[in-house]
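Peer 1: Okay, here's the prediction I keep looking at, along with the sequence it came from:
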Amino acid sequence: MPSPLTPAPPPETEIQPPGVPGLSGLLTLAVGVVVLAGLYVGREVFLPVVLAILLAFVLAPFVDVMRRWHLGRVPAVIIAVLLALGIIVSLGGLIGFQVAGLASDMPRYQTTIETKVGTIREGALGKLPSLLRDFGRRFDQAVAEKPSEEAAPPASAVAEPPAPEEPKPLPVEVHEPEPTPAQVARNFLLPLLEPLATMGIVFVVLIFILMQREDLRDRMIRLFGSSDLHRTTAAMDDAARRLSRYFLTQLALNASFGLVAGIGLWAIGVPSPALWGVFAALMRFVPYIGSFLAAAPPILLAAAVDPGWSMALMAFALFAIGEPLMGHVVEPIVYGQSTGLSPFAVVISAIFWTWIWGPVGLLIATPLTLCLVVLGRHVERLEFLDVLLGDRPALTPAENLYQRMLAGDPDEALDSAEVLLKERSLTSYYDEVALKGLQLAANDATRGVLTHRQLDQVRDVIKALVADLGSHDDVEPPPHETKDDPVAPPKSEKPDIKEPAVVGEMPHEDKISEAWRTDGAVMCIAGRGPLDEAASEMLAQLLNKHGLGSRLVPHEAVSRSAIFNLDMSGVQMICISYLEISGTPAHLRYLLRRLRKQAPKAPIVVGLWPAEDAVLKSETMRSTLGADYYVSSMRDAVVQCLKVATGEEDLPQTVTTKQAANESEAGKRLPLPA
């Protein structure tokens, strides 16, 4: 009997509260606070460096092209930097001239605006306030009660003589002296000094980055991935190439949009169209609201120039048609399915970098955040950046299915499955997603962290999912082209091409005899684990889809006391499913003995779905157990059954224990070469 002082165990539905953060968590929090403070305080130092890095991504392909033309590194870098500097200075001069011309015509635009406002006031819209006031006054007169008689003024009220007028103050005007030429130069040059200094620092850092790209790459490899030079080098090179291509594409698209906007505004007749074209190109770097900010000034200016409203409406139509066309038609075609950033991350990054670095931070928020996502996707230590900011699902398909199982939501599980089945066969889905999700559940059940209610929910969801997928054919869907997003992992890290559906490699179903088509020809027996029956149900469904009759048998039916009551008539093959076998699989060996006694002629396939199971790696253990075939995937199990059913002897996907033993004995009997 437990002591009264011993705390009672928590109920199985109770979740233990999280522990207190350890020293590692506190250190991580402290480092994050220090980094944020450093970025904010040192923005005058970090901002030029970041701008230089982004410009380096844009200019790196141009430098590589000149290097391929047998031009030296130094001349190639100098030419690229001078070209970028010339473009920036030209745009700055163009903007200055356009603003100066616009300022000289401002009084004329002000007169037009005042005339339009006066016209609006004289029209029906201007009479609206007076109509509302008149309506309110009449309403008050109708509701208010009229007093019966007017109150007489009190007798004590005596008219007081008016107070004498106070003398008015004398107007005083202050005139500042005319500024000297030195003051004029100072007032003009001082505002330009800081931007010019920043631009000079940017180009100096840019030159050093372009000159020492390989050295900087090697230092990054040493810092983040010296333990795996091949993988890290491939990741760095691929990331730099993708970022350069993405930034060049974004710059080209935004410049094209600005060019089209400038030409359109020029055709409409809006003054300073070049200014608004450059402004529209720059504002498109600002996510979501940039297009609205770019459209507002030229539309207002068109309303100020034209006495009517036709010019303003045409300018509005230009942006209302051009921006959706660029954002929803051109960009998806050029970028592909994704840009690598989640919409929420784009908004948060814009707010964050604007708070840290002001308007310039707003312009570079998206490119800078994309660089962070690339680092998180290629550097293991920074993976949290990809999880927080990237657009890839936070959970793998198997983890998502397991989460839906725990939530008891079969509809969401079916919806996710139908999306995945558009690009893979049913066999591949069961192998890559469903079995892995069941393994996660089985591991948690073994550790004792799943309650009975949760385990029942997992069983119910997977049973409903398999039943709903019964109408899907096990065929490979037609391939469709998809473009890589700019932050995709390098080719060396991409998974291999999925195996084709079973139908493509198997003989025609006419070769399957009637004995194998009857119900129960292949007996699918569940292991003793709590979720092994679900795996057997998947296998039975796949066998039925490929012309083999199958029957699902629970583990209790093959126990020592119940196996003698099991009907084994018509059984051509036996398949046993295990999600996991912990320790020495003695129970499997005894189960195989019992099945051999009941069906001595039926070959037995053991499906050990975790591919890393020790039985699959040890030939001695396989020989001791005594099964005919061992497989680690649903596809291999279906292929093995079809091979046996059609009488084919070549088994390219699996190797039987008997064959391995025969080949070993044959190798021992071969004569030694002279």
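Peer 2: Noted; the coordinates are in hand. Numbering: from 1, shown residues only.
Peer 1: give me the number of residues near the nearest residue to residue 404 once chain neighbours are set aside?
Peer 2: Nearest non-adjacent residue to residue 404, counting by C-beta to C-beta, 6 or more residues apart in numbering: residue 413, 4.2 Å away. Bear in mind the C-beta positions are built from the backbone N, C-alpha and C, glycine included. Residue 413 sits with 25 neighbouring residues when counted by other C-beta atoms under 10 Å.
Peer 1: the domain parsing of this protein - what is it?
Peer 2: Domain assignment for the chain by automatic domain parsing gives 32-113+195-213, 397-491, 507-667.
Peer 1: Mean pLDDT lowest where, among these?
Peer 2: The weakest mean pLDDT among the domains of the chain belongs to domain 507-667, with a mean of 78.
Peer 1: what's the offset of that domain from the middle of its chain?
Peer 2: Here domain 507-667 shows a centroid-to-chain-centroid distance of 41 Å under the convention C-alpha atoms, centre = their mean, to the nearest Å.
Peer 1: same question, stretch 52-70
Peer 2: So, by C-alpha atoms, centre = their mean, the centroid of stretch 52-70 is 29 Å from its chain's centroid.
Peer 1: Output it in PDB, but only the C-alpha positions, please.
Peer 2: Extracted in PDB, the C-alpha atoms of stretch 52-70 (Å, rounded to 0.1, in the frame of the first residue of the first chain):
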ATOM      1  CA  ALA A  52      26.800  45.500 -50.100                       C
ATOM      2  CA  ILE A  53      26.100  41.800 -49.600                       C
ATOM      3  CA  LEU A  54      22.800  42.200 -51.500                       C
ATOM      4  CA  LEU A  55      24.500  44.100 -54.300                       C
ATOM      5  CA  ALA A  56      27.200  41.400 -54.400                       C
ATOM      6  CA  PHE A  57      24.500  38.800 -55.100                       C
ATOM      7  CA  VAL A  58      23.200  40.900 -58.000                       C
ATOM      8  CA  LEU A  59      26.600  41.600 -59.500                       C
ATOM      9  CA  ALA A  60      28.200  38.200 -59.000                       C
ATOM     10  CA  PRO A  61      26.700  36.700 -62.200                       C
ATOM     11  CA  PHE A  62      28.000  39.700 -64.200                       C
ATOM     12  CA  VAL A  63      31.500  39.300 -62.800                       C
ATOM     13  CA  ASP A  64      31.400  35.500 -63.600                       C
ATOM     14  CA  VAL A  65      30.400  36.300 -67.200                       C
ATOM     15  CA  MET A  66      33.300  38.700 -67.600                       C
ATOM     16  CA  ARG A  67      35.600  36.100 -66.000                       C
ATOM     17  CA  ARG A  68      34.500  33.600 -68.600                       C
ATOM     18  CA  TRP A  69      35.500  36.100 -71.200                       C
ATOM     19  CA  HIS A  70      39.100  35.700 -70.000                       C
END
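Peer 1: how much space is there between the residue nearest to residue 404 and residue 360?
Peer 2: Noted for residue 413: a distance of 46 Å to residue 360, by C-beta to C-beta, to the nearest Å.
Peer 1: could you redo the domains of the chain as TSV and give each row distance to residue 340?
Peer 2: Below are these laid out as TSV (distance: least, C-beta to C-beta, whole Å):
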stretch	distance to residue 340
domain 32-113+195-213	14
domain 397-491	4
domain 507-667	31
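Peer 1: gap between the nearest residue to residue 311 once chain neighbours are set aside and residue 109?
Peer 2: In space, and not counting its chain neighbours, residue 311 is closest to residue 302: 4.2 Å by C-beta to C-beta, 6+ apart. To residue 109, residue 302 is 10 Å away according to C-beta to C-beta.
Peer 1: Those two: which is more packed in?
Peer 2: residue 302 (24 against 16).
Peer 1: Contact partners for that one?
Peer 2: Taking C-beta atoms under 8 Å, 6 or more residues apart in numbering, we find residue 302 in contact with 268-270, 311-312, 314-315.
Peer 1: 6 Å instead?
Peer 2: Taking C-beta atoms under 6 Å, 6 or more residues apart in numbering, we find residue 302 in contact with 270, 311-312, 315.
Peer 1: what number of residues lie near residue 379?
Peer 2: Counted with other C-beta under 10 Å, residue 379 comes out at 19.
Peer 1: To clarify, my last question referred to residue 250.
Peer 2: 21.
Peer 1: tell me which element it is part of?
Peer 2: Element membership for residue 250, per DSSP states H and E: helix 229-268.
Peer 1: same for that helix, what does it pack against?
Peer 2: Secondary-structure packing of helix 229-268 (3 or more C-beta pairs under 6 Å, 6 or more residues apart in numbering; DSSP states H and E): helix 43-68, helix 273-283, helix 310-325, helix 365-378.
Peer 1: Turn those helices into TSV, including distance to residue 77 and mean neighbour count.
Peer 2: Shown next, in TSV, are the helices and strands packed on helix 229-268 (distance: least, C-beta to C-beta, whole Å; neighbours: other C-beta atoms under 10 Å):
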stretch	distance to residue 77	mean neighbour count
helix 43-68	6	18
helix 273-283	26	23
helix 310-325	36	17
helix 365-378	21	23
